[in-house]
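>>> Pasted the sequence and its predicted model underneath.
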Amino acid sequence: MKEQIASQAETLNAALSAGCPAALQLLSARGRGIYFPSAGILAQSAEAQGKPINATIGIALEEDGGPMALPSVLRGIAVPPQSALTYAPSPGRPDLRREWKDRMPRKNPGLEGKSFSLPVVTCALTHGLSVCAYLFCDPGDAVLTPDLFWENYELIFERACGARLESFPLFDGAGGFNLAGLERRLAAGPVGKKIVILNFPNNPTGYTLTRAEAPALAAVLRAAAGRGNRILVLIDDAYFGLVFEPDVYPESVFSLLCDLHPNLLAVKLDGPTKEDYVWGLRVGFVTYGAAGCTAAAFAALEAKTAGVVRGSLSNAPNLSQSLLLAAYKDPAYESEKRAKFDLLRARYRAVRALLDAHPEYGEEFRALPFNSGYFMCVRLRRADPERVRRRLLDAYGTGVIAMHGVVRLAFSAVPLARLPELFDNLYRAARESVA
């Protein structure tokens, strides 16, 4: 059995060696050893599908062959039991994977005609990041990230797999993305394996690259790959699509990076959580792209990803995947999604107008650059962020987040009519919290 396991992993590694050598060199020790079982329980169950007697699958069936189910559970479900209660495949439902891939060029026209993998379903984007950490991060590996990042990165990359986050300032002196800072980080140390994580729209700041910055970012990464580095770019697209200004790059940077250089592997981590306002359904996708990557190499990456999913939580919920498929086929889906986007954009514009209308706010805080997403951040001029946060809770019944030395405000969660109150409360609390 051990020899069979080693052979399955070696077969996938051989496909990567032949069809995408950079991906093989980027894999961690665990990543090189993982595989999706081509034999064993799953394969034997697949061979038995459709047989008159099938005693292979680990679910209970009714006498008529349908999934065994409690009526009290079914009363709350609008899809058939076989689409809700049975296991989904570890890589995800094939129909949902194809649907998501088909939609990617529609949302990112720059992907038209380009090759990239079939997405693998994860249990939302957090799990997708954890899967990638398993596949690519060895203890001690550096993960380059802007200094304003989602705090869960620390748990995923540092605490769970022993890598270390190495940051650079997100913004340059002109208030744009700090390309020079990233370039310096990529150039530091010997030529070799480099891991970068990018998140646009950024959590916590709500900043997305401009139309000028996105190709400049690609040029920096191409140059680093051209020097012989093997570069992994993890693209956290949790808030993809929520861009509110005409000068913002409207696509995922995956469009620019998925075929940028043979030494660069781009990984798009996305999902419907924020795109489709379904936070609790817990469905995400991992998609790979690299210049010159063969179909066999893409399949090997998909199999390794599915192996990590299989070995951690088995599969993402079938019910969630079925609900999403039904929504994507609903004629009203696009108009409903546009209405939610319009509301978030209206809140964004209201925040912009409030900041412009109240120059006195500048006495206590300044807004960091923001143009998209759910959030914006302010840097306090005199008061301590944690002290202001506590003052807002205790005196004003207002909750905000203090992190990375800034205060994050989720305008996505505040009704339009209460946005003026939010900023007025912040201003007052900041004045009252000066030591």
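Happy to help now that I have it.
>>> I'd like to know how far residue 143 sits from residue 204.
18 Å (C-beta to C-beta, to the nearest Å). Every residue, glycine included, has its C-beta placed from N, CA and C.
>>> And residue 271, by the same measure?
Applying C-beta to C-beta to residue 271 and residue 204 gives a distance of 19 Å.
>>> what about these two, which has more around it?
Of the pair residue 271 and residue 204, residue 271 is the one with more neighbours under other C-beta atoms under 10 Å, namely 29 against 26.
>>> which ones are touching the more buried one?
122, 124-125, 128, 238, 283-285 (C-beta atoms under 8 Å, 6 or more residues apart in numbering).
>>> Now, these that are in strands?
Using DSSP state E, the members of the contacts of residue 271 that fall within strands are 122, 284-285.
>>> can you give me the helices for the stretch 101-250 of the chain?
Taking DSSP state H, counting those that start in this stretch to define them, one finds helices in the stretch 101-250 of the chain at 124-136, 152-153, 179-187, 213-226.
>>> Residue 407: which of those helices is closest?
With C-beta to C-beta as the measure, helix 152-153 is the member of these nearest residue 407 (18.9 Å).
>>> Report all helices and strands that the closest one contacts.
With contacts defined as 3 or more C-beta pairs under 8 Å, 6 or more residues apart in numbering; DSSP states H and E, helix 152-153 has these neighbours: helix 124-136.
>>> mind redoing it with 7 Å?
Using 3 or more C-beta pairs under 7 Å, 6 or more residues apart in numbering; DSSP states H and E as the contact criterion, no helix or strand is in contact with helix 152-153.
>>> Make 890 the starting number, not 1.
Sure, I'll start counting at 890 from here, so that last one is helix 1041-1042.
>>> to the chain's geometric centre, what's the distance from it?
Relative to its chain's centre, helix 1041-1042 lies at 11 Å (C-alpha atoms, centre = their mean, to the nearest Å).
>>> what residues does it touch?
1015, 1034, 1054, 1086 (C-beta atoms under 7 Å, 6 or more residues apart in numbering).
>>> how much space between the second one and residue 1087?
Summarising the geometry, the distance separating residue 1034 from residue 1087, computed by C-beta to C-beta, is 8 Å.
>>> hmm, back to that, ok, of the contacts of helix 1041-1042, which one's closest to residue 984?
Closest approach between those and residue 984, by C-beta to C-beta: residue 1015, at 24.0 Å.
>>> isn't residue 1193 right up against residue 904?
No: using C-beta atoms under 7 Å, residue 1193 is not in contact with residue 904; the gap is 10.1 Å.
>>> Between those two, which has more neighbouring residues?
Remark: of residue 1193 and residue 904, residue 1193 carries more neighbours, 27 against 21, as counted by other C-beta under 10 Å.
>>> Which helix or which strand is home to that one?
For residue 1193, the host element (DSSP states H and E) is helix 1184-1201.
>>> what mean pLDDT would you report for that helix?
Model confidence over helix 1184-1201, given as mean pLDDT, is 97.
>>> do stretch 1017-1036 as well
98.
>>> In that stretch, which residues are buried?
Neighbour counts over stretch 1017-1036 (16 or more other C-beta atoms under 10 Å) mark 1017-1026, 1030-1035 as buried.
>>> Show me the contact partners of that stretch.
Contacts with stretch 1017-1036, where a contact means C-beta under 7 Å, 6+ apart, come from 915-920, 1011, 1042, 1045-1046, 1049-1059, 1071, 1074, 1083-1086, 1121, 1123, 1125, 1156, 1158, 1173, 1175, 1193-1194, 1197-1198, 1293.
>>> now, which of these lie within strands?
Those of the contacts of stretch 1017-1036 lying in strands (DSSP E): 1011, 1053-1057, 1083-1086, 1121, 1123, 1125, 1156, 1158, 1173, 1175.
>>> how many neighbours does residue 1288 have?
Considering only other C-beta under 10 Å, residue 1288 is surrounded by 12 other residues.
>>> And for residue 1074?
Using other C-beta under 10 Å, residue 1074 is surrounded by 20 other residues.
>>> Output stretch 1067-1083 in PDB with nothing but the alpha carbons.
C-alpha atoms of stretch 1067-1083 as PDB (Å, rounded to 0.1, in the frame of the first residue of the first chain):
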ATOM      1  CA  ASN A1067       3.900  50.500  -3.300                       C
ATOM      2  CA  LEU A1068       5.400  48.700  -6.300                       C
ATOM      3  CA  ALA A1069       8.900  49.700  -5.300                       C
ATOM      4  CA  GLY A1070       8.400  48.000  -1.900                       C
ATOM      5  CA  LEU A1071       7.300  44.800  -3.500                       C
ATOM      6  CA  GLU A1072      10.200  45.000  -5.900                       C
ATOM      7  CA  ARG A1073      12.700  45.300  -3.100                       C
ATOM      8  CA  ARG A1074      11.200  42.400  -1.200                       C
ATOM      9  CA  LEU A1075      11.400  40.200  -4.300                       C
ATOM     10  CA  ALA A1076      15.000  41.200  -4.900                       C
ATOM     11  CA  ALA A1077      16.100  40.500  -1.300                       C
ATOM     12  CA  GLY A1078      18.000  37.300  -0.700                       C
ATOM     13  CA  PRO A1079      19.100  34.700  -3.200                       C
ATOM     14  CA  VAL A1080      17.400  33.800  -6.400                       C
ATOM     15  CA  GLY A1081      14.900  31.000  -5.600                       C
ATOM     16  CA  LYS A1082      11.400  30.400  -4.300                       C
ATOM     17  CA  LYS A1083       9.300  33.500  -3.700                       C
END
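>>> so how far is that stretch from its chain's centroid?
The chain centre lies 23 Å from the centre of stretch 1067-1083; the measure is C-alpha atoms, centre = their mean.
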